[in-house]
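Undergrad: Everything below, folded, please.
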Amino acid sequence: MSKLILEIPEDLAETLHLPPSERLSRVKRELAIRLYQRGILSFGKARQLAEVSKWEFHELLSQENIERSYDLEELETDLYN
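TA: Numbers count the residues shown, from 1 in each chain. Take a look at the predicted model:
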């Protein structure tokens with residue numbers, strides 16, 4: 001399995017208005033939200049990237065006023081998982 005690694009220079013990371021302990025999780029959440037919003041990731045995959053529960057990801061999307069797209073495949077996944 002391959003892995004995608006994103007490197008952010010330390011001087012740039014330090015400009016984030018976040019405590020160091022929150023930077024990685026926050027960047028993952030922000031990336032997941034935007035990729036979902038643009039239709040690049042499904043809800044389930046974006047939620048995985050954000051490392052939050054289904055309900056927490058719904059809440060994140062609500063906070064950003066992002067509409068959910070919900071297709072048959074996602075319904076089937078929800079019904080059987």
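Undergrad: Using the centroid of this protein, identify the residue furthest from it.
TA: Asp11 (23.8 Å; CA atoms, centre = their mean).
Undergrad: Locate that one within the secondary structure: which element?
TA: Secondary structure assignment for Asp11, by DSSP states H and E: helix 10-13.
Undergrad: would you put the C-alpha positions of that helix in PDB?
TA: Taking Å, rounded to 0.1, in the frame of the first residue of the first chain, the C-alpha atoms of helix 10-13 are listed here in PDB:
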ATOM      1  CA  GLU A  10       8.300  24.300  10.000                       C
ATOM      2  CA  ASP A  11       8.300  28.000   9.500                       C
ATOM      3  CA  LEU A  12       5.000  27.800   7.700                       C
ATOM      4  CA  ALA A  13       3.500  25.400  10.200                       C
END
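Undergrad: Okay, buried residues for the helix or strand just after it please.
TA: Next along the chain after helix 10-13, taking DSSP H and E as the criterion, comes helix 23-37. Neighbour counts over helix 23-37 (16 or more other CB atoms under 10 Å) mark Lys28, Arg29, Leu31, Ala32, Ile33, Leu35, Tyr36 as buried. (C-beta placed from N, C-alpha, C; glycine too.)
Undergrad: Any idea how far apart the tips of stretch 38-49 sit?
TA: Chord length of stretch 38-49, first to last residue, is 15 Å (CA to CA, to the nearest Å).
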